[in-house]
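**Student:** when you get a sec, could you give me coordinates for this:
(one chain, ligands or ions: 1)
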Amino acid sequence: MKQKNIIALALILLSSGFIFSACLPEKEAVVVEIKPTPEVNYTLEDVKGHKTKADCWQAISGIVYDFTPYLADAKHPGGDAMAKDCGTDATFRYENDPEHSDYAKSLLPEYAIGKLVVAEK
Ligand code: HEM
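**Tutor:** Numbers count the residues shown, from 1 in each chain. Next up, the predicted model:
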């Protein structure tokens, strides 16, 4: 008898769980658009020509970024720490000083303007 009650209770709980979950709103799919890097090539010489906070290009891991709007909007949680790296290949500093989060990484594509290439001799 006791066993039957337990089974009945389990069935009630199970079916109410199904009913409850059917009433929940459907989860909306999160669409993440990844902006492709523009097919434009820049050399480190090109990057060096944009070395101020008001005109700031940086190369990070083979991609060239124009962070001028990011700095102008004072969006960087590390303040002006990144401004020192304008006009340089900032890969090492970006990855180690500090090691940036996945969130920081997700911000990069918006500022990508092209690829870093080695100048032809
Ligand atoms: C390459 C030069 C860079 C340097 C030296 C640098 C430096 C720093 C420092 C010192 C902090 C710590 C702030 C604190 O917690 O007190 C920080 C945090 C942060 N930085 Fe940078 N940064 C650089 C580039 C960037 C870039 C290019 C982005 C994105 C466009 C970025 C996004 C962030 C974000 C979102 C944080 C908050 C912590 C995290 O989510 O990782 N930084 N940065």
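**Student:** quick check: the gap between the residue nearest to V117 when sequence neighbours are not counted and the ligand.
**Tutor:** In this structure, V117 finds its nearest non-sequential neighbour in N41, 4.4 Å apart by C-beta to C-beta, 6 or more residues apart in numbering. For glycine as for every other residue, the C-beta is placed from the backbone atoms N, C-alpha and C. N41 sits 20 Å away from the ligand, taking C-beta to the nearest ligand atom, to the nearest Å as the criterion.
**Student:** just K84 next, same as before
**Tutor:** K84 is 7 Å from the ligand, by C-beta to the nearest ligand atom.
**Student:** after the lowest-mean-pLDDT helix or strand in the chain, next one along is what?
**Tutor:** Here the helix or strand of the chain ranked lowest by mean pLDDT, DSSP states H and E is helix 2-23, holding a mean of 67. Reading on from helix 2-23 to the C-terminus, the next helix or strand found by DSSP states H and E is strand 41-42.
**Student:** partner strands of that next one, with direction?
**Tutor:** strand 112-116 (parallel) (DSSP bridges).
**Student:** if the residue nearest to V117 is in a bridge, with which residues?
**Tutor:** Bridge pairing for N41 - DSSP bridges - gives K115.
**Student:** surely it and K115 touch.
**Tutor:** Yes. Between N41 and K115 there is a contact under C-beta atoms under 8 Å: 5.5 Å.
**Student:** spatially central residue in this structure, please.
**Tutor:** Closest to where the C-alpha atoms of the chain average out (C-alpha atoms, centre = their mean) is S106, at 0.6 Å.
**Student:** checking the nearest residue to T43 once chain neighbours are set aside next. Helix, strand or coil?
**Tutor:** Nearest non-adjacent residue to T43, counting by C-beta to C-beta, 6+ apart: A119, 4.2 Å away. Reduced to three states with DSSP: H, G, I helix; E, B strand; the rest coil, the structure at A119 is coil.
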